[in-house]
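> After the sequence you'll find the predicted model.
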Amino acid sequence: MTEILIGRQQILDSKLNIFAYEILFRGSDFDLNQKEGATSATNQVITDTILEIGLNEVVGSDKAFINFTAQNLLEKTPLHLPKDRVVIEVLEDVIVDLRMINQIKEFSKQGYMIALDDFVFTPEWIPLIEMADIIKLDVMAMPIEQTLATIEKLKPYNVTLLAEKVETQEEYEIFKKAGCELFQGFFFSKPKIVKGKRLGVNQIATIKLLSTINKQDVSFGELSEVITQDVGLSYKLLHYINSAFFSLPNKIESIHHAVTCLGMSEIKRWVNILALTSFTDKPDALFQNILIRGKMCELLAEQYDQDPSQMFLMGMLSSLDSLLDISIEEALAPLPMAEEVEQAILYKKGIAGDILAYVIFYEQWELGSSDKAQRIKPDNIRGIYLKSISWSREVLTGS
């Protein structure tokens with residue numbers, strides 16, 4: 001059976017809430033530099049996403065942006081897809097002639113949302129601009145001044161502007177101020193949007209923890225399961241247990257280990273203190289990425305004879321630099337982490353480091369660029385990825 005590899009990248013609104021996902025082809029069966037290969041890749045994405053996996057499994061209730069080549073468009077491929085779930089991305093190498101204009105007009109009349117990808121303003125594109133709903137601007141493809149000039153030219157048109165490949169706080173703020181309403185890129189993976197070092201906790205996770213700890217016969221296992229579902233809870237627990245009040249016999253290896261070291265009465269005290277400051281204004285998109293990474297590390301651990309709970313904690317904590325807006329070394333310093341976990345996060349050492357490296361490169365779809373990532377050859381990576389997405393969605397929605 002052929003392994004199906006589907007990538008997705010979040011598209012966020014100006015408040016960093018998830019607006020949609022771009023669905024990406026990830027495989028080696030087609031040469032994307034050739035027109036026929038790119039067309040076949042799009043067809044494969046559609047087949048895999050709609051028929052084999054299911055759109056809801058990949059993007060939940062959100063929309064899916066899908067790249068369409070000129071051949072895809074002229075063959076009317078988008079008409080096979082649900083117009084309320086799919087955004088038609090018209091690639092930048094499409095030749096804008098009367099036939100193409102009429103075809104895009106047909107999609108628009110049918111109710112499909114149209115996005116122009118990697119847009120560069122030239123006169124021949126004006127008919128498509130007038131029909132487009134979204135225009136995507138590759139902010140790395142040209143100087144900032146040129147992108148801002150393009151935005152000014154587009155202001156008379158009724159389009160939503162999407163800045164893609166945004167990677168820094170400064171770029172985010174510049175293009176948001178200039179009028180972009182949607183954003184895409186790695187900037188939300190290592191965000192510098194929220195200043196300061198106070199890490200919030202997901203409100204649903206805290207409510208669930210309060211409910212669990214007040215059960216009559218609650219077990220350490222039940223408590224650790226709830227705590228591991230939120231990186232903020234995990235971090236605060238480890239920080240708390242490392243205070244001067246506790247004398248630890250060994251370094252902490254997992255959240256379950258931390259809970260048992262504290263004991264039930266001390267855990268209840270910690271939860272009551274935590275409940276007072278549990279609210280967070282961080283967007284779910286940030287936590288979703290962290291949860292997916294942690295869950296993928298946990299599921300991979302089972303294939304490589306590693307402790308799943310320890311690998312989950314490693315995956316979660318490897319994103320602390322993003323959440324705290326400090327270096328990963330600073331973020332890990334106050335935590336009583338087991339040495340192998342710390343070494344895996346900081347230097348990608350050992351099998352744990354290989355697992356983490358693989359997951360990170362999988363997130364960025366650069367598996368071939370790391371020897372560590374290449375050493376991991378997991379079974380059913382598609383299943384692991386989709387299961388992690390589904391699990392993260394359940395955690396964030398409280399269902």
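Everything's here; your move. Residues are numbered from 1 along each chain as shown.
> CA only for contacts and neighbour counts going forward, please
Fine.
> Which parts of this protein are strands?
6-13, 18-25, 63-68, 86-90, 113-116, 134-138, 160-164, 182-184 (DSSP state E).
> what residues does the fourth one touch?
This means strand 86-90. Contacts with strand 86-90, where a contact means Cα atoms under 8 Å, 6 or more residues apart in numbering, come from 63-70, 78, 112-117.
> wait, which of the strands of the chain is closest to Lys251?
strand 6-13 (36.2 Å; Cα to Cα).
> packing partners for the closest one?
Contact here means 3 or more Cα pairs under 8 Å, 6 or more residues apart in numbering; DSSP states H and E; on that basis strand 6-13 packs against strand 18-25, strand 182-184.
> least trustworthy helix or strand in the protein by mean pLDDT?
Using mean pLDDT, DSSP states H and E, helix 35-46 stands out as the lowest-scoring helix or strand of the chain, at a mean of 55.
> If you average pLDDT over each of the helices and strands packed on strand 6-13, which is lowest?
For the helices and strands packed on strand 6-13, mean pLDDT drops lowest on strand 18-25, to a mean of 81.
> could you say what helices and strands that one packs with?
strand 6-13, helix 35-46, strand 63-68.
> The same query, at a cut-off of 7 Å, please.
Other elements packing on strand 18-25 under the criterion 3 or more Cα pairs under 7 Å, 6 or more residues apart in numbering; DSSP states H and E are strand 6-13, strand 63-68.
> Would you mind giving the strands of the chain as CSV with mean neighbour count and distance to Gly383 added?
Below are these laid out as CSV (neighbours: other Cα atoms under 10 Å; distance: least, Cα to Cα, whole Å):
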stretch, mean neighbour count, distance to Gly383
strand 6-13, 20, 11
strand 18-25, 21, 16
strand 63-68, 24, 19
strand 86-90, 24, 23
strand 113-116, 24, 30
strand 134-138, 23, 31
strand 160-164, 24, 28
strand 182-184, 26, 25
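> Turn those strands into a markdown table, columns for distance to Thr150.
Output for these, formatted as a markdown table (distance: least, Cα to Cα, whole Å):
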| stretch | distance to Thr150 |
| --- | --- |
| strand 6-13 | 20 |
| strand 18-25 | 23 |
| strand 63-68 | 22 |
| strand 86-90 | 18 |
| strand 113-116 | 14 |
| strand 134-138 | 9 |
| strand 160-164 | 11 |
| strand 182-184 | 16 |
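> and Gly353, which of these is closest to it?
Among the strands of the chain, the nearest to Gly353 by Cα to Cα is strand 6-13 (22.5 Å).
> returning to what we had before: do you know which of the strands of the chain lies nearest Ala285?
Checking the strands of the chain against Ala285 by Cα to Cα gives strand 18-25 as the closest, at 6.0 Å.
> Name the residues that touch that closest one?
Residues outside strand 18-25 that contact it (Cα atoms under 7 Å, 6 or more residues apart in numbering) are 6-13, 41, 45, 59, 62-66, 285.
> That strand pairs with which strands?
Note on strand 18-25: by DSSP bridges, its sheet partners are strand 6-13 (antiparallel), strand 63-68 (parallel).
> Would you format these as TSV with distance to Cys261 and mean pLDDT included?
Below are the strands paired with strand 18-25 laid out as TSV (distance: least, Cα to Cα, whole Å; pLDDT from 0 to 100):
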stretch	distance to Cys261	mean pLDDT
strand 6-13	38	82
strand 63-68	45	88
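> Nearest to Glu170, out of those strands?
That would be, of the strands paired with strand 18-25 and by Cα to Cα, strand 6-13, which comes in at 16.4 Å.
> what about that closest one, distance to the chain center?
Its chain's average C-alpha position is 7 Å from that of strand 6-13, according to Cα atoms, centre = their mean, to the nearest Å.
> Look up how far Ser61 lies from the residue lying closest to Gln306 once chain neighbours are set aside.
Counting by Cα to Cα, 6 or more residues apart in numbering, Gln306 lies nearest to Ala352, which is 7.5 Å off, once chain neighbours are set aside. Relative to Ser61, Ala352 is positioned 34 Å away (Cα to Cα, to the nearest Å).
> neighbour-wise, which of those two wins?
Counted by other Cα atoms under 10 Å, Ala352 and Ser61 do not tie: Ala352 has more neighbours, with 27 against 11.
> Show me which pair in the contacts of strand 86-90 is furthest apart.
Counting by Cα to Cα, the most remote pair of these is Lys63 and Ala70, 21.6 Å apart.
> So what's the residue count around Thr122?
8.
> give me every residue that touches it.
Contacts of Thr122 by Cα under 7 Å, 6+ apart: none found.
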